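**Q** can you look at this prediction? I've put the sequence above it.
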Amino acid sequence: MALPSARISEFEGYRRSIRIDSDGRACSFAELEDDIHAFAVALEHDGAAIRAVEVDIRRAPWTTCPGAEQALKRELTGMLLADVRYLKDRQQQCTHLFDLASWAAAHALACEHIEYDVLVSDPQDNVRHAEIWRGGKLVLEWDEAKFTLQAPPEIAGRNIFELNDWMKGLSPELQEAARILRWGNVVANGRMRSLAEQSDATKMPPNCYTFQPSRAEFAKRVGQIRDFSFGTELPFGL
């Protein structure tokens with residue numbers, strides 16, 4: 001189910017869409033697209049452990065990103081589905097590929113199709129409005145300024161990275177949505193910086209596969225950017 005047309009036409013800013021599909025038996029799949037990413041991960045499993053991992057990288061921001069495919073396969077093949085979310089050394093993985101694998105694993109035993117759409121407005125008076133839709137239904141929204149939440153009241157004043165205790169009080173479905181919205185809100189910050197400011201991997205925190213010191217020195221920006229900001233074009237061609 002797509003977003004209501006009013007939200008497509010009225011909302012200017014960052015957009016990210018996520019699709020999760022599982023047959024509930026042996027295959028689970030998740031894909032993501034935003035302005036600089038178009039990734040997909042498929043898991044084959046026996047109901048308990050992962051037997052095979054397939055990765056599709058259609059667009060990536062760095063020349064080194066494709067190397068993360070083998071890193072993910074080495075780490076997850078043979079792992080229990082239930083253990084994927086507890087992987088400790090995530091910094092050696094592509095953040096987005098790992099997230100996709102986590103969502104695919106989390107939904108692997110349920111026969112379902114899930115659609116998430118994240119919208120984060122460009123700042124107005126330094127405040128960004130962020131919201132996440134699931135299956136065409138708005139499930140969570142907040143206002144944020146420089147990573148400090150402004151609304152709703154129950155989380156106002158908190159840093160966006162300090163929401164874990166609040167998330168624990170949500171239903172599992174909303175916990176997943178909140179994590180997806182938080183990460184989308186963080187990535188949206190890149191819209192406020194020039195490409196030149198974001199093109200030296202050695203200046204980035206070593207938080208993912210590409211930004212590890214052994215690779216950052218050689219990583220180059222690819223610059224494959226699609227502009228979804230006005231809603232005239234949407235992720236997945238919707």
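**A** All right, it came through fine.
**Q** then the lengthiest helix in the chain to PDB, C-alphas only?
**A** The longest helix of the chain (DSSP state H) is helix 172-188. Extracted in PDB, the C-alpha atoms of helix 172-188 (Å, rounded to 0.1, in the frame of the first residue of the first chain):
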ATOM      1  CA  PRO A 172       7.500  -4.900  19.000                       C
ATOM      2  CA  GLU A 173       6.000  -3.500  15.800                       C
ATOM      3  CA  LEU A 174       6.500   0.100  17.000                       C
ATOM      4  CA  GLN A 175      10.000  -0.700  18.400                       C
ATOM      5  CA  GLU A 176      11.000  -1.700  14.900                       C
ATOM      6  CA  ALA A 177       9.400   1.400  13.400                       C
ATOM      7  CA  ALA A 178      11.100   3.700  15.900                       C
ATOM      8  CA  ARG A 179      14.500   2.300  15.200                       C
ATOM      9  CA  ILE A 180      14.000   2.600  11.400                       C
ATOM     10  CA  LEU A 181      12.700   6.200  11.900                       C
ATOM     11  CA  ARG A 182      15.700   7.200  14.100                       C
ATOM     12  CA  TRP A 183      18.300   5.900  11.600                       C
ATOM     13  CA  GLY A 184      16.500   7.500   8.700                       C
ATOM     14  CA  ASN A 185      16.400  10.800  10.600                       C
ATOM     15  CA  VAL A 186      20.100  10.600  11.200                       C
ATOM     16  CA  VAL A 187      20.900   9.800   7.500                       C
ATOM     17  CA  ALA A 188      18.600  12.700   6.400                       C
END
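**Q** and that helix, what does it pack onto?
**A** Packed against helix 172-188 by the contact rule (3 or more C-beta pairs under 8 Å, 6 or more residues apart in numbering; DSSP states H and E) you find strand 13-23, helix 95-106, strand 111-121, strand 128-134, strand 137-145, helix 164-168. (Glycine included, C-beta is placed from N, CA and C.)
**Q** where does this structure dip in pLDDT?
**A** Applying pLDDT under 70 to the chain flags the ranges 1-10, 238.
**Q** ok, and what's touching the longest helix of the chain?
**A** With C-beta atoms under 8 Å, 6 or more residues apart in numbering as the test, helix 172-188 has contacts from 13-14, 16, 18, 34, 95, 99, 103, 106, 116, 118, 120, 128, 130-132, 134, 139-140, 142, 144, 147, 160-161, 163, 167-168, 170.
**Q** narrow these to just the buried residues.
**A** 13-14, 16, 18, 34, 95, 99, 103, 106, 116, 118, 120, 128, 130-132, 134, 139-140, 142, 144, 160, 163 (16 or more other C-beta atoms under 10 Å).
**Q** so which strand or helix has residue 53?
**A** strand 50-59 (DSSP states H and E).
**Q** and that strand, what does it pack against?
**A** Partner elements for strand 50-59 (3+ C-beta pairs under 8 Å, 6+ apart): strand 38-45, helix 68-76, helix 95-106.
**Q** 7 Å instead, please
**A** strand 38-45, helix 68-76 (3 or more C-beta pairs under 7 Å, 6 or more residues apart in numbering; DSSP states H and E).
**Q** give the partner strands of that strand in its sheet and their orientations.
**A** strand 38-45 (antiparallel) (DSSP bridges).
**Q** count of residues packed around residue 141?
**A** 14 (other C-beta atoms under 10 Å).
**Q** before I go, just wanted to say thanks for your time.
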